[in-house]
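Student: sequence unavailable; structure follows:
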């Protein structure tokens, strides 16, 4: 297919690469033009000078940008320039309200829109093993699924427009609480004078096991946080979660508390640390 990809950050860069490797005719756009030129040198295709030019003759466009504001800016250029019948796949984590509004705007312009936030981080993007939580009508999802299969191992339509974003919020709620528990467990291990490797071997095959434990326990114990999903991005996501909870009446006491812990990490200079850096706060 003729596909445009907008947003070549730590996630979008390898995701677009998987699409090129799958044989799609790619055109990419990034706000920093040098990143787009580097991508073309590695994967082929072409770089566009704007989002509008990127989608001008495409069948589909995938986006992976920063936040609601970034997506709105992109849609201003995409909606009038993507040919009628085109498909928009948005991998940005945004508010459910904006996802629903975007689907309506796309439909009014003869386009299809799927909100499709992802989980799996930079490692999953590079390996092509992301999990996708999608929202949109069934026809749009059916068109988007084979495209997303180039970089995802698990793709699930949750429901109508916005439901992918709501599912991503559930994901972040679960991760936030889990990471705080894991941080406290690692902190307690150190204060008790236990060998963290021995503790991990003892508990990681039982009820305490999780992806976060398997992938973050050792780096937490070693106070290594210069990698992974940044605290700044987690706070953005949790802000969306808490806004939605205020609207729907959900009680998220632990999530609200963890959000404040991340604010403390930002004040400590950890804005770009991995989300597992909750352990660093306990050592202060």
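Tutor: Received, thanks. If you're wondering where the values come from, they're calculated on a predicted model, not measured in any experiment. Numbers count the residues shown, from 1 in each chain.
Student: state the helix or strand in which residue 73 lies.
Tutor: If you go by DSSP states H and E, residue 73 is part of helix 68-81.
Student: what's in contact with that helix?
Tutor: 6-7, 50-53, 55-56, 61, 63, 65, 88, 90, 92, 94-95, 98, 102, 105-106, 109, 111 (Cβ atoms under 8 Å, 6 or more residues apart in numbering). For every residue, glycine as well, the C-beta is placed using N, CA and C.
Student: mind checking which of those are buried?
Tutor: For the contacts of helix 68-81, a burial check counting by 16 or more other Cβ atoms under 10 Å picks out 6-7, 51-53, 55, 61, 63, 65, 88, 90, 92, 94-95, 98, 102, 106, 109, 111.
Student: circling back: distance from the helix holding residue 73 to the middle of the chain?
Tutor: When C-alpha coordinates are averaged (Cα atoms, centre = their mean, to the nearest Å), helix 68-81 and its chain have centres 18 Å apart.
Student: equivalent analysis for stretch 40-49, please.
Tutor: How far stretch 40-49 lies from its chain's middle: 23 Å, per Cα atoms, centre = their mean.
Student: mind showing which ranges of the chain have poor pLDDT?
Tutor: Residue ranges of the chain with pLDDT under 70: none are present.
Student: so what's the residue positioned nearest the centre of it bridging to?
Tutor: Residue closest to the average C-alpha location in the chain (Cα atoms, centre = their mean): residue 118, at 4.5 Å. Listed by DSSP bridges, the beta-bridge partners for residue 118 are residue 132.
Student: for it, what are its contacts?
Tutor: 11, 91, 124, 125, 130, 131, 132, 133, 152.
Student: do you know how far it is from residue 131?
Tutor: 7 Å (Cβ to Cβ, to the nearest Å).
Student: shared neighbours of the two, anything?
Tutor: In contact with both residue 118 and residue 131: 124, 152, using Cβ under 8 Å, 6+ apart.
Student: do a quick rundown of the helices in the stretch 101-250 of the chain.
Tutor: 121-127, 138-148, 163-191, 196-203, 211-221, 231-248 (DSSP state H, counting those that start in this stretch).
Student: next, format those helices as a markdown table and append mean neighbour count.
Tutor: A markdown table is the format used below for the helices of the stretch 101-250 of the chain (neighbours: other Cβ atoms under 10 Å):
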| stretch | mean neighbour count |
| --- | --- |
| helix 121-127 | 17 |
| helix 138-148 | 18 |
| helix 163-191 | 20 |
| helix 196-203 | 14 |
| helix 211-221 | 18 |
| helix 231-248 | 18 |
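Student: now distance to residue 262 too, for these, in JSON lines please.
Tutor: As requested, the helices of the stretch 101-250 of the chain are arranged in JSON lines below (distance: least, Cβ to Cβ, whole Å):
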{"stretch": "helix 121-127", "distance to residue 262": "16"}
{"stretch": "helix 138-148", "distance to residue 262": "29"}
{"stretch": "helix 163-191", "distance to residue 262": "8"}
{"stretch": "helix 196-203", "distance to residue 262": "23"}
{"stretch": "helix 211-221", "distance to residue 262": "15"}
{"stretch": "helix 231-248", "distance to residue 262": "5"}
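Student: domain parsing for this protein?
Tutor: Following automatic domain parsing, one finds the domains of the chain at 2-160, 166-282.
Student: could I get the phi/psi values of the residue of the chain positioned farthest from its centre?
Tutor: Ranked by distance from the centre of the chain (Cα atoms, centre = their mean), the top residue is residue 193, with 36.7 Å. Torsion angles at residue 193 (phi, psi; degrees, to the nearest 10) stand at phi 70, psi 30.
Student: pull the contacting residues for it.
Tutor: Residue 193 touches nothing, counting by Cβ under 8 Å, 6+ apart.
Student: any idea how far it is from residue 173?
Tutor: 33 Å.
Student: can you pull the buried residues of the top strand by length along the chain?
Tutor: Ranked by residue count and defined by DSSP state E, the top strand of the chain is strand 152-159. Within strand 152-159, the residues scored as buried using 16+ other Cβ under 10 Å are 152, 155, 157, 158.
Student: the last one contacts residue 169, correct?
Tutor: No - the pair residue 158 and residue 169 fails to qualify as a contact (Cβ atoms under 8 Å) at a distance of 11.2 Å.
Student: what touches both of these two?
Tutor: What both residue 158 and residue 169 touch, as defined by Cβ under 8 Å, 6+ apart, is an empty set.
Student: ok, and what's touching stretch 251-258?
Tutor: 173, 176, 177, 179, 180, 238, 241, 242, 245, 278.
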